[in-house]
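**Q** the sequence isn't on hand, but the structure is:
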Ligand SMILES: Cc1cc2nc3c(=O)[nH]c(=O)nc-3n(C[C@H](O)[C@H](O)[C@H](O)COP(=O)(O)O)c2cc1C
């Protein structure tokens, strides 16, 4: 199952186990290194440290990061901020190790620590995102949760933005599921005022989009024109991921004061499409929906088919050539299919059906296929 696949590496227990592993490796490993670096370096052919002070100081610092990881292992929720320090510390260590390996030819032995720390800076960041948004786990669990006890109108509004059609396909399939269970589903795509949010895109468009996403500069969109007293009982918001966050045109829906009242007291759901990194952007949508008074009953995220780094390059090639499976010279590496799978689209239909059939506080459950 597409959704489950994107979840498999992420349960809390796995993150805790990974913290324990690096705690033992950092603390135990550095203690071992400090005590036995002479015979070990002789055995591996590593030159003796030129600066013993720097060597022991780095080892001592790395030992401390092991203690930090152990504290996170013991009480993850109470030590979230330590993960920020750990992720940053490990990223900086990895950066300098790669730099000195490439430009100053340090021994490969040190590179193994750099790779380890680079991997762990990502693991710590992912664990932090999970700890900051524990509700994402149950929202994505495959269920749809209980809705609000308002008069069911069986009308849904689907809001989104899509450059390369992945979000559009997702929304259309959710709408299909909703309609099959008696809902009316209106899809509205936001229209950015700035014209460079487009596909096909020039290199300059891409640079503008990516740099603005990196700096999180808000976008302006044309008014949606939805009054606060609309009769939709369900609103679904879709966003793709840009630079590990939700996209500016979708975020503009929430930032525009004219839309501040449209989610209040309504059931709401989130859909994310991404090459691979969906958690933060989904957390952003869910938080916005909640901040605007929506009752979030479910969330789904779908990632592109393929494996890394193939799907990253396949995305870039698709943005350049506007076609999947090219350049042909990279056959076997570049994905023949761009974007989310057919299986993911079938799950979107199911999500739409489940949303339409959701339980509501104090309202009897609807019989399948019978509009109220
Ligand atoms: C400017 C830009 C930045 C992107 N950044 C990320 C990213 O940080 N992480 C990720 O997983 N995908 C990233 N993607 C990939 C999109 O999230 C992915 O292609 C998505 O399916 C696009 O949805 P759409 O076709 O509805 O626009 C980026 C795409 C673009 C165009």
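**A** Nice, I can see it. Keep in mind the model is a prediction, meaning the values are calculated, not measured.
**Q** what number of residues lie near residue 106?
**A** Here the count is done by other C-beta atoms under 10 Å, and residue 106 has 18 residues near it. For glycine as for every other residue, the C-beta is placed from the backbone atoms N, C-alpha and C.
**Q** quickly find the element holding it.
**A** Using DSSP states H and E, residue 106 sits within no helix or strand.
**Q** can I see the domain layout of the chain?
**A** The chain breaks down into these domains under automatic domain parsing: 2-132, 136-304+339-356.
**Q** tell me the most buried of the ones you listed?
**A** domain 136-304+339-356 (a mean of 19; mean count of other C-beta atoms under 10 Å).
**Q** quick check: end-to-end length of that domain?
**A** 20 Å (C-alpha to C-alpha, to the nearest Å).
**Q** and it, how far out from the chain's middle?
**A** Centroid displacement of domain 136-304+339-356 relative to its chain, using C-alpha atoms, centre = their mean, to the nearest Å, is 14 Å.
**Q** let's have the domains of the chain in a markdown table, adding distance to the ligand and mean pLDDT.
**A** Rendered in a markdown table, the data for the domains of the chain read as follows (distance: least, C-beta to the nearest ligand atom, whole Å; pLDDT from 0 to 100):
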| stretch | distance to the ligand | mean pLDDT |
| --- | --- | --- |
| domain 2-132 | 11 | 91 |
| domain 136-304+339-356 | 3 | 95 |
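**Q** want to try TSV for these, with distance to residue 316 as columns?
**A** What follows is these, written out as TSV (distance: least, C-beta to C-beta, whole Å):
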stretch	distance to residue 316
domain 2-132	20
domain 136-304+339-356	9
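**Q** out of these, which gets nearest to residue 311?
**A** domain 136-304+339-356 (4.8 Å; C-beta to C-beta).
**Q** still on that earlier bit, so which of the domains of the chain is nearest residue 313?
**A** Per C-beta to C-beta, nearest to residue 313 of the domains of the chain: domain 136-304+339-356, 10.3 Å.
**Q** report the contact partners of residue 302.
**A** 2-3, 6, 166, 170, 271-274, 278, 340-341, 344, 347-348 (C-beta atoms under 8 Å, 6 or more residues apart in numbering).
**Q** same question for residue 336.
**A** Residue 336 neighbours (C-beta under 8 Å, 6+ apart): 324-325.
**Q** one more time with 10 Å, if that's ok
**A** Residues in contact with residue 336 (C-beta atoms under 10 Å, 6 or more residues apart in numbering) are 305-306, 314, 324-326.
**Q** tell me how far it lies from the ligand.
**A** 16 Å (C-beta to the nearest ligand atom, to the nearest Å).
**Q** follow-up on the earlier one: ok, of the contacts of residue 336, which come out buried?
**A** 305-306, 314, 325-326 (16 or more other C-beta atoms under 10 Å).
**Q** show me which pair in these is furthest apart.
**A** Among these, 305 and 326 lie farthest apart (C-beta to C-beta), at 15.9 Å.
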